[in-house]
Each structure stands twice: as structure tokens, then as C-alpha cells.
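Trainee: Need coordinates for the below:
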Amino acid sequence: MPKIVDADARRQDVVDAVFRIIASDGLERASLREVADEAGLAVGSVRHYFASSDELLVHSFSVVIDRIAGRLQAALESVLREAPGSPAHHEAVLQLLGQLLPLDEEKAVDVCVWLAFRTAARIKAVFAPEAARSHRAVAAVVGQLVIQLLPDSAEQQDVLVTEAERLLATLDGLCLHALLQSEWMTAQMCRDVLEAHLSGLYNGR
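Mentor: Residues are numbered from 1 along each chain as shown. Okay, here's the model as predicted:
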């Protein structure tokens, strides 16, 4: 009796192969043939689930956005459960911000893939809609966090936008630096930088 293939599981296997290739060799190597080889499948098997390389890559971009956005939303809910100003709240804020940094192996792969697609979207229009969705998802969480940290910013749109963008820029810079200079930009160094940024926010109240 032929073995029944779980289509969703097989699609995820292919996406996981895309992630491994991008994390190790870059987005440029993630062709259908390379992905099929990495996944241990024939090219025809990959085409059964994804008609083209673009379809596969856009789907992979969507998956990594959903992963990161899901972790951010769960972390935001933890922040909102704690009393503002308490040690538990501060730690929950740090945990939330850490979801966008390569602080463990899973996050390192995800943010590496995420940054690769976001960068490629600048010149490859097929990625642009997902890149815009990614920015909206992250910016929405960061905006809610800034309102938590600076309650008055909810009534001062210019302050909210400026502080949210400043925090996003800090996170993007830390993420890139940690990926490129992992021996220097350790998890502790990332935490120290975030602590300094948050201290500046608190003092600016």
C-alpha cells in the first residue's frame, strides 16, 4: 500500500530547506534545484507543491513573517499582563525585543532569512507585498510597546512615530550587527544595548 504523503508537512520540509540554504549561503542560491537537493527531493516533487521559484520564495517569506509576528504578539501579551514599571514588566519588554534578535539558533535562522527577504524586496517586486506586511506587523507591536513605555505618546503622534522608528532602527542595527559580528555582539551585549535604549525612554518621560 503506497505511503500517504502529508502535503502540509512536505511543504514545510521544503520551506525548512529554503531557510537552511539562505542562512548558510544566501538567498541567491535558493533555486528550485538547490532546494530540492537540500530537502532530499526530486525537482518534480518540489514543483508539485510550488509551481515556480518565486512562488516558493514568497511562501517562505510569508512563513518567516508569521513565525516572527506570532512570537512578537505572544511576547506583547506577556508585557500587557505585567504592571508597568515593575521588574517583571521590564523583563517582559526585553523578552519581546529579543524576538527580533538572533539570540538563539532558531531566532538566528529566522532573522537571517527575514533580513535576506526584506533586503531583496528593495529590488525584487515579487517580495514587496510581504515586505510591507512584515513592516506593518512589527511596527504595530513596537508602536503598542512604545505606548506602554510612554503613555503620553498615544496622544502625541509625532512622539509615538519618532520613538517607534528609533526603536525599530536600534533593533535592525543590533540584528544585523549580531549576525555579522556574532563574536562581539553577544546576547549579553544586545541586552546591554537594549537596556540603555530603554533607560533613555524611561528618562524621557
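
Trainee: how far away is Leu96 from Val193?
Mentor: Per C-beta to C-beta, to the nearest Å, Leu96 is found 15 Å from Val193. Backbone N, C-alpha and C define where each C-beta goes, glycine included.

Trainee: Look at those two and report which has more neighbours.
Mentor: Leu96 (23 against 19; other C-beta atoms under 10 Å).

Trainee: which helices and strands sit right next to the host helix or strand of the more buried one?
Mentor: Assigned by DSSP states H and E, Leu96 falls within helix 87-98. Counting contacts by 3 or more C-beta pairs under 8 Å, 6 or more residues apart in numbering; DSSP states H and E, helix 87-98 packs against helix 53-81, helix 128-149, helix 187-203.

Trainee: Past the second one, which element shows up next along the chain?
Mentor: Spelled out, that is helix 128-149. Following helix 128-149 toward the C-terminus (DSSP H and E): helix 157-180.

Trainee: The helix holding Leu96: how far from the chain's middle?
Mentor: Its chain's C-alpha centre and that of helix 87-98 lie 17 Å apart, by C-alpha atoms, centre = their mean, to the nearest Å.

Trainee: Just want the angle from it to helix 53-81.
Mentor: Using axes from the mean of the first three to the mean of the last three C-alpha atoms, to 10 degrees, the direction of helix 87-98 lies 170 degrees away from that of helix 53-81.

Trainee: still on that earlier bit, export the helices and strands packed on helix 87-98 as JSON lines, with columns for distance to Ser24 and mean pLDDT.
Mentor: JSON lines is the format used below for these (distance: least, C-beta to C-beta, whole Å; pLDDT from 0 to 100):
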{"stretch": "helix 53-81", "distance to Ser24": "15", "mean pLDDT": "97"}
{"stretch": "helix 128-149", "distance to Ser24": "22", "mean pLDDT": "95"}
{"stretch": "helix 187-203", "distance to Ser24": "21", "mean pLDDT": "89"}
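
Trainee: Minimum distance to Ala88: which of those has it?
Mentor: helix 53-81 (8.7 Å; C-beta to C-beta).

Trainee: So for stretch 118-131, first residue to last residue, what's the gap.
Mentor: 6 Å (C-alpha to C-alpha, to the nearest Å).
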